[in-house]
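**Q** From the sequence below, what's the structure:
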Amino acid sequence: MPKLKINNIEVEVPAGTNLLQAAETLGIEIPRFCYHDKLSVPGNCRMCLVEVKGGPPKPQASCCLAAADNMEVFTDSEMVHKARKGVMEFLLINHPLDCPICDQGGECDLQDQAVAYGFDRSRYFEAKRAVKDKELGPVVKTVMTRCIQCTRCVRFASEIAGVDDLGLLNRGEDVEIGTYIEKALATEMSGNLVDVCPVGALTSAAYEFKARPWELRKIESIDVMDAVGCNIRVDVRGNEVMRILPRLNEAVNEEWIADKSRLACDGLKRQRLDRPYVRRDGKLAEASWEDAFAFAAERLKGLQGAQMAALAGDLADCESVYALKKFMNGLGSNMLDCRVDGAAIDVSAPASWRFNTTIAGLEQADAIVLVATNPRTEAPLINARIRKCWYNKRTPVYVIGPKLNLNYPYTHLGTGADALEKLDIKAERPALILGAAALQRPDAAAILAAASAKAVVNENWNGFNFLHTAAGRMGALMLGFTPPQGQFSTQGIKALWLLGVDSQSVNTHVIPRDAFVIYQGHHGDAGAARADVIFPAAAYTEKNATYVNTEGRVQQARQATSPVGHAKEDWKIIRAFSEVIGKPLAFNTLADLRAAMVKDVPALGNIDAITPVAWATFGKAGTIEAKPFGTAIANYYQTCPISRASVTMAECTEAFAKQLPMAAE
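**A** Reported below is the predicted structural model:
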C-alpha cells in the first residue's frame, strides 16, 4: 500500500487508488465534472488538477494519476488555483446564462464549482456556439448548449445501462454529445442520466419547470414499484410529490433507480380514491366512513369464519397485512393469501421464496442462470447488477425460457423443462434465478424441485434465488398471510376483503359472483370496480410502513405526504372497523402494532438487515410439462395501479413498446 503526502498530511491508501480518491480519504475536496465513482475514468474536464512535487512543471489530473510511494501532492497551491480558474473559464466560454430558468439551478455542480473555484470575469468576447437539442424520449429533456462534454452520460449509457447509443460527435469546436442515429434512448434506466449530468444539459422531462430544490422537503423512503426495495428520496412541495430520486445503498440499488420507480409518482395524484363508497342498487355511491363501516358490518353479520377470506395485494405493507391477518383470525377465518399472481410458492420452506445469494452477493457469482424470468422488466436493478458482473468480470449468463432482449450477451439453453433438466453449469458459485412465472403453472412444484436440485448450496454459498415481482409479497409471506393447507379457495366464501388487490385475473377468476367484496386501496383500479364497499387508503408515500425486499432485507418507508381527501392509513382502517364489528384489535398506535408484529415475527425488527433462514428441500419431484417457460411481466412500465395511472408511464409505453424490453429483438 503506497504512502504519500497530500497537503503535507501523510496517508496510506490501497494500491491502484488515484489521487482524487486518496484526497477524499482525508476529507480534502477536489472539484471534478467528468469523474464519477461508478464510471470509468476519462480525464476529460481537467477540473481536478493538482500539483505533484518533483513531477512535471505543470498541474496534473488527479483522477487519472495513481497514488505512489513518497508522492507529495498539493491541492491548494497557487499553480492549482490558477489552473482551475483557467479550466473553469474555458468551460464557461459557450455555456448559456440559463441559470434562472434551468431546472438544475440550485443543485448544479457547475454553479457550485464556478463560485468556489472559478474566475470572477470572462475574457471571451467572440460569439457563443449553440447546439441542437437531442430527442432522447419522454424521460430525459435535453438542452445541449449547456453541455460541457464531460461524457458521464455516454459512459453511464454504455457501461451501466448497456445502451451504446450515445457518443461524442465531431471534433474541436464542433464536438457534441448525441446519438449516432436519431432515436429515443431505449433503456429502463435512462432517468439516471439526469443524476449523473453535472450541468443542466440533461434534465427530467416530467419535472421540467415544476419546482426549485429549495422549495422541497426531502424524505428518505423505499420504492415499491418492484421487489428490489430501492432506497429513494421523495421530494415534496406542500402535499404533492414533485419527484423521486435515488438514495445510496450499495447493498441494494447502489445509487441508481429505474425509470418506473423515478417517474410513476405522477400516478399518485390521478384516479385516486379519496372517500368511501358503497354499492346500492348496483351503483357505487359516496358515503361517510360511518356509513361505509355500518354497511360492511351489516353485510358481514351472521357469517361464519369459514365463509370469509382475504387477499393482500402487491403493494401491501407489513403493518396492514399483519392487522388484516389478526382481524380475520379474530373473525375465525384462516383463508388468507398474498399470492395474487397465482404463484404456487412453497410456504413451508422460506429458502424457496427468497433471493438467497443476495443482490450484492451476485457479484461473487462465477455463472448466472436465468430460469423463466426477465430481470430487465421484473427487477431492473438486479439486472443492472448482473450486467455489472458481466461487464467487470465477463461472468457468463445463461437463459432458460423465452429469448430475451437483455443488455448483455447470454447463452440461450432452451425454452422449457428439457433445458432445465439438462442444465449442468461448470462453476463453483453459480447463481440460479427462478422467476415468478415458473410457479404460475400447474407443474410448479416439480419446477421448484428441479430448480433447487440444480442450485449449488453449501456452507459458503447459496446459489438458489427466487425473484419476486411485488414489493409486498415477501413481508406477507413472512407474516404467514397464506391459507393453512397452502391452497387458497373461495368455495363457500360469502365475503372477501381485498387489501390493495388490483389484478384483473383475480377479479375474473377468483372472486365468486355472489360474494360481498370489501376493497381497501388507493386507486380506482380493477379491485375498486368489483367492490361492494370501498375503503380509501394511503399510497406508499403517505404512510410509515415496513417492506421486505426479495432478498429478505427489512426496510422502512417514511410518510412524505398526507393521504388524499378522506383516505386513511391501511392499518388504521382495519383497526377502526374491528371496533365497529365488535372484535377490536389489541393495538391502538403504530408503535404498538409494530411491537406485536415483531414479537410474532422477530426478523421484521432487524431493520436494513437480512435474517438468515435454514436451507431445506422443497418442491415435489414430478413431470414438468413440455410447454415453454414464460416471464411474469409483459409491459415493464404499467404493472400496478400507480404506474397504470401515470401519464409519464403511458408515454414511455407508447415510445418504447417495440424497443424495450417486452420482447426479444
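
**Q** For the rest of this, base every contact and every neighbour count on C-alpha atoms.
**A** Noted.

**Q** Show me the strands in the stretch 151-300 of the chain, by range?
**A** According to DSSP state E, counting those that start in this stretch, the stretch 151-300 of the chain carries its strands in the segments 166-169, 176-179, 202-204, 217-222, 231-237, 240-246, 277-280, 283-286.

**Q** Next, work out how far apart I534 and K583 are.
**A** I534 sits 20 Å away from K583, taking CA to CA, to the nearest Å as the criterion.

**Q** More neighbours: those two, which one.
**A** Neighbours were tallied for I534 and for K583 using other CA atoms under 10 Å; the higher tally belongs to I534 (32 against 14).

**Q** Mind listing what's buried along the strand or helix carrying that one?
**A** In the assignment (DSSP states H and E), I534 maps to strand 533-536. Buried residues in strand 533-536, defined by neighbour count with 16 or more other CA atoms under 10 Å: 533-536.

**Q** from these, which single one is nearest P31?
**A** Distance to P31, by CA to CA, is smallest for P536 among these, at 49.5 Å.

**Q** Can you check the pLDDT for the residue nearest the centre of the chain?
**A** Residue closest to the average C-alpha location in the chain (CA atoms, centre = their mean): C230, at 4.1 Å. Turning to C230, the model gives it a pLDDT of 97.

**Q** Turn the buried residues of strand 533-536 into JSON lines, including pLDDT and distance to L498.
**A** Shown next, in JSON lines, are the buried residues of strand 533-536 (pLDDT from 0 to 100; distance: CA to CA, whole Å):
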{"residue": "V533", "pLDDT": "97", "distance to L498": "10"}
{"residue": "I534", "pLDDT": "97", "distance to L498": "10"}
{"residue": "F535", "pLDDT": "98", "distance to L498": "10"}
{"residue": "P536", "pLDDT": "97", "distance to L498": "12"}
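
**Q** sorry, back to before: if I read this right, the residue nearest to the centre of the chain contacts I257, doesn't it?
**A** Yes - counting by CA atoms under 8 Å, I257 is a contact partner of C230 at 6.7 Å.

**Q** Now do the shared contacts for these two.
**A** Jointly contacting C230 and I257 under the rule CA atoms under 8 Å, 6 or more residues apart in numbering are P246.

**Q** Other residues contacting stretch 56-63?
**A** With CA under 8 Å, 6+ apart as the test, stretch 56-63 has contacts from 18-21, 35, 41, 43, 46-52, 79-80, 83.

**Q** run the last query once more with 10 Å
**A** Applying CA atoms under 10 Å, 6 or more residues apart in numbering, the contact partners of stretch 56-63 are 17-23, 30-32, 34-36, 41-53, 73-75, 79-84.

**Q** how near is A116 to D109?
**A** 10 Å.

**Q** Among these two, which residue is more densely surrounded?
**A** D109 (18 against 11).

**Q** how about that one, what does it touch?
**A** 31-33, 115, 197-200.

**Q** what's the answer for M474, then?
**A** With contacts defined as CA under 10 Å, 6+ apart, M474 is in contact with 227, 314, 317-318, 338, 350, 353-354, 468, 480, 547-554.

**Q** The residue nearest to the centre of the chain contacts D259, doesn't it?
**A** No - using CA atoms under 10 Å, C230 is not in contact with D259, being 11.9 Å away.

**Q** so where's the stretch 151-300 of the chain uncertain?
**A** Low-confidence segments of the stretch 151-300 of the chain, defined by pLDDT under 70: none present.

**Q** Helices of that one, start to end?
**A** In the stretch 151-300 of the chain, the helices defined using DSSP state H, counting those that start in this stretch lie at 152-155, 192-196, 259-263, 289-300.

**Q** right, and those - which one's nearest I511?
**A** Proximity to I511 (CA to CA) singles out helix 289-300 among these, at 16.3 Å.

**Q** Keeping just the C-alphas, turn the closest one into PDB.
**A** What follows is helix 289-300, C-alpha atoms only, in PDB (Å, rounded to 0.1, in the frame of the first residue of the first chain):
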ATOM      1  CA  TRP A 289     -66.800   6.500   7.000                       C
ATOM      2  CA  GLU A 290     -69.500   5.700   9.500                       C
ATOM      3  CA  ASP A 291     -72.000   4.700   6.700                       C
ATOM      4  CA  ALA A 292     -69.400   2.600   4.900                       C
ATOM      5  CA  PHE A 293     -68.400   0.800   8.100                       C
ATOM      6  CA  ALA A 294     -72.000   0.200   9.100                       C
ATOM      7  CA  PHE A 295     -72.900  -1.000   5.600                       C
ATOM      8  CA  ALA A 296     -70.000  -3.500   5.600                       C
ATOM      9  CA  ALA A 297     -70.600  -4.600   9.200                       C
ATOM     10  CA  GLU A 298     -74.300  -5.300   8.400                       C
ATOM     11  CA  ARG A 299     -73.300  -7.500   5.400                       C
ATOM     12  CA  LEU A 300     -70.800  -9.500   7.500                       C
END
